[in-house]
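Participant: Below: sequence and its predicted model.
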Amino acid sequence: MAVREGQAPCVRLAAGCDAAYDTAQGILYGGVVLWDLAQKRVVESQVSRGHVTFPYVPGLLAFRETPVLLEALARLKGEPDVMLVDGQGIAHPRSMGLASHLGLHTMVPTVGCAKTILVGSHGPIGSLRGDWTWLHYEGSRVGAVVRTRSRVRPIYVSPGHRISIEGALQVVVRCLGQFRLPEPVRQAHLLVAQHKREASHSSQDGL
């Protein structure tokens, strides 16, 4: 079971994790970047690819994406202080989203940063960058809804493992840049999108 407690770590290196599907080829790409918060730049990146072996089941996407992301994480030379994942943490029907799975495997404090809500409800949220409100599910607080850019749709933050909701929120705020997604997650998204695009072009050139 994921641990929902823990202070926000002293973060210098934050790992951003994201996955991308090439549905035509049945290939899954897992990308991880190490983002240096002090220098505000990517200091390392790793990509892994593999065939999709687990069927699409809503709520069980972690079983598709965890293996390829763990492989990319294992290739990192640096050690992240925290991981930010494009996916859910405990704000999940089984309280175990992708961020929780990765945290349990790696024992690194892990935060889910999802673009869409999966479970729960919340009150009104202000329209300006930095506004936020709590996310509740079945009578419990499971995360926070955070406006990362003014008048842009919020993201849904929940702890994955070894960090509290408050700690997860603090880490995400520290990792915000000029875009909707926290910078480590955004960079991981760009990384896997690039590899997927390049592989697609190579496949077409070989026809």
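Facilitator: Arrived safely, thanks for sending.

Participant: gap between the residue nearest the centre of the chain and Pro124?
Facilitator: The residue lying closest to the centre of the chain (CA atoms, centre = their mean) is Val85, at 1.3 Å. Distance, Val85 to Pro124, using CB to CB, to the nearest Å: 27 Å. The C-beta positions use only the backbone N, C-alpha and C, and glycine is treated the same way.

Participant: picking that back up, what are the neighbouring residues in contact with the residue nearest to the centre of the chain?
Facilitator: 16-18, 69, 98-99, 102, 110-113, 160, 185 (CB atoms under 8 Å, 6 or more residues apart in numbering).

Participant: Give me the below-cutoff pLDDT ranges for the chain.
Facilitator: 1-2, 4, 7-9, 201-207 (pLDDT under 70).

Participant: how does it look with 80?
Facilitator: Applying pLDDT under 80 to the chain picks out residues 1-9, 55-59, 200-207.

Participant: what's the longest helix in it?
Facilitator: Scanning the chain for the helix with the most residues, using DSSP state H, yields helix 183-205.

Participant: what comes up buried for that one?
Facilitator: 183-192, 195-196 (16 or more other CB atoms under 10 Å).

Participant: That one - contacts with which helices or strands?
Facilitator: Using 3 or more CB pairs under 8 Å, 6 or more residues apart in numbering; DSSP states H and E as the contact test, the elements touching helix 183-205 are strand 13-22, strand 27-36, strand 41-51, strand 82-85.

Participant: Save the ones you listed as a markdown table, and put in distance to Ser164 too.
Facilitator: Listed next are the helices and strands packed on helix 183-205 as a markdown table, based on distance: least, CB to CB, whole Å:
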| stretch | distance to Ser164 |
| --- | --- |
| strand 13-22 | 17 |
| strand 27-36 | 21 |
| strand 41-51 | 27 |
| strand 82-85 | 12 |
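
Participant: before we move on, the earlier item: can I get the buried residues of helix 183-205 in JSON lines including distance to Arg94?
Facilitator: Converted to JSON lines, the buried residues of helix 183-205 look like this (distance: CB to CB, whole Å):
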{"residue": "Glu183", "distance to Arg94": "29"}
{"residue": "Pro184", "distance to Arg94": "25"}
{"residue": "Val185", "distance to Arg94": "22"}
{"residue": "Arg186", "distance to Arg94": "27"}
{"residue": "Gln187", "distance to Arg94": "29"}
{"residue": "Ala188", "distance to Arg94": "24"}
{"residue": "His189", "distance to Arg94": "25"}
{"residue": "Leu190", "distance to Arg94": "30"}
{"residue": "Leu191", "distance to Arg94": "28"}
{"residue": "Val192", "distance to Arg94": "25"}
{"residue": "His195", "distance to Arg94": "30"}
{"residue": "Lys196", "distance to Arg94": "28"}
